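Enquirer: sequence below, structure please.
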Amino acid sequence: MYSTESQSMATEPYDWVENLKNESHRDDAIGKLREVLLRGLKGAFYRRGQDDAFCEDICQESLIRIIKNIDSFEGRSKFTTWAISIAIRVGISELRRRHHKDVSLDAITSKNDMKIELAVAEEGASGSDIDQRAILETLGELIENQLTDKQRTVVRALLGGMPVEEIARRTDSNRNAVYKLFHDAKLRLKSGFEASSYSMSDIESVFA
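Expert: This next block holds a predicted model:
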């Protein structure tokens, strides 16, 4: 599989990595990549109601991120595919940030407003539905009782769809601190599930 993708990369008519790294060719390469990214962004975000200005802004931010992380490109797909995927993620993150811009952190993380539930009728529910409901109920209890206040805030905000960058901004923190809180929270939740006689395979099978 990898060899096939590598061959696809080898036949790409333009050596993006070499030209973006080469100072004498960089400006031309950036111009070409900008055109590729804009086409991809417009195809992805026009149907989401976004305009040229949005795509231009995302393209500019994406170019900076792509060039900064160019050494992480492993050649498992075409460079343009890799670059567009980064741009799409940047665009989606921006849409999520805008969506939560006017939503308070308290509102999205309040116990009563957090939506960890299933729209499953009690009567006639399948066994898997019941298992999933039980696991979700356990998850809610563990979040409430096993996590610190900061961990609880981060987990609930992430479950509510708030981007990491926005959580960091609202809590006067940074991405790394948010990720650390979430990592530690996951360890506590895992231990809590195990203490409740749920194995990770049980949980994964329910959410598969």
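Enquirer: packing partners for the helix or strand Leu63 falls within?
Expert: Counting by DSSP states H and E, the secondary-structure element that holds Leu63 is helix 52-68. In terms of contacts (3 or more CB pairs under 8 Å, 6 or more residues apart in numbering; DSSP states H and E), helix 52-68 is packed against helix 26-45, helix 79-99. (Glycine included, C-beta is placed from N, CA and C.)
Enquirer: distance to Glu166, mean neighbour count and mean pLDDT for those helices - can I get that in TSV?
Expert: Formatted as TSV, the entries for the helices and strands packed on helix 52-68 read as follows, by distance: least, CB to CB, whole Å; neighbours: other CB atoms under 10 Å; pLDDT from 0 to 100:
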stretch	distance to Glu166	mean neighbour count	mean pLDDT
helix 26-45	19	16	93
helix 79-99	5	18	86
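Enquirer: related to what we said a few turns ago, residues making contact with the helix holding Leu63?
Expert: Helix 52-68 is contacted from outside by 20, 30, 33-34, 37-38, 41-42, 45, 83, 86-87, 90-91, 94, using CB atoms under 8 Å, 6 or more residues apart in numbering.
Enquirer: please repeat the previous calculation with a cut-off of 10 Å.
Expert: Contacts of helix 52-68 with the rest of the structure, by CB atoms under 10 Å, 6 or more residues apart in numbering, involve 16, 20-21, 26, 29-30, 33-46, 48, 50, 72-73, 79, 82-84, 86-95, 98.
Enquirer: can you check stretch 25-35 too?
Expert: Contacting residues not belonging to stretch 25-35 are listed as 14-22, 56, 59-60, 62-63, 66-67, 79-80, 83-84, 87 [CB under 10 Å, 6+ apart].
Enquirer: same deal with stretch 37-51?
Expert: The list of residues contacting stretch 37-51 from outside it, by CB under 10 Å, 6+ apart, reads 52, 54-60, 62-63, 66, 80-81, 83-88, 90-92, 94-95.
Enquirer: wait, Ile86 touches Asn69, no?
Expert: Yes: Ile86 is in contact with Asn69 according to CB atoms under 10 Å; the separation is 7.8 Å.
Enquirer: quick one, grab the pLDDT at Lys186.
Expert: We have a pLDDT of 86 for Lys186.
Enquirer: can you tell me the SS state at it?
Expert: With DSSP: H, G, I helix; E, B strand; the rest coil as the basis, the three-state label of Lys186 is helix.
Enquirer: my guess is it contacts Leu139. True?
Expert: No: using CB under 10 Å as the test, Lys186 is too far from Leu139 to be in contact (11.4 Å).
Enquirer: more crowded one of those two?
Expert: Under the criterion of other CB atoms under 10 Å, the comparison of Lys186 against Leu139 puts Leu139 first, with 19 against 12.
Enquirer: show the pLDDT at that one.
Expert: Among the per-residue scores, Leu139 shows a pLDDT of 81.
Enquirer: distance check, it against Pro163.
Expert: As judged by CB to CB, to the nearest Å, Leu139 and Pro163 stand 21 Å apart.
Enquirer: what does the domain assignment say about this protein?
Expert: Described in terms of automatic domain parsing, the domain architecture of the chain consists of the residue ranges 2-99, 105-207.
Enquirer: least confident of those, on average?
Expert: Out of those, domain 105-207 stands lowest, with a mean of 72 (criterion: mean pLDDT).
Enquirer: thank you kindly, that will do.
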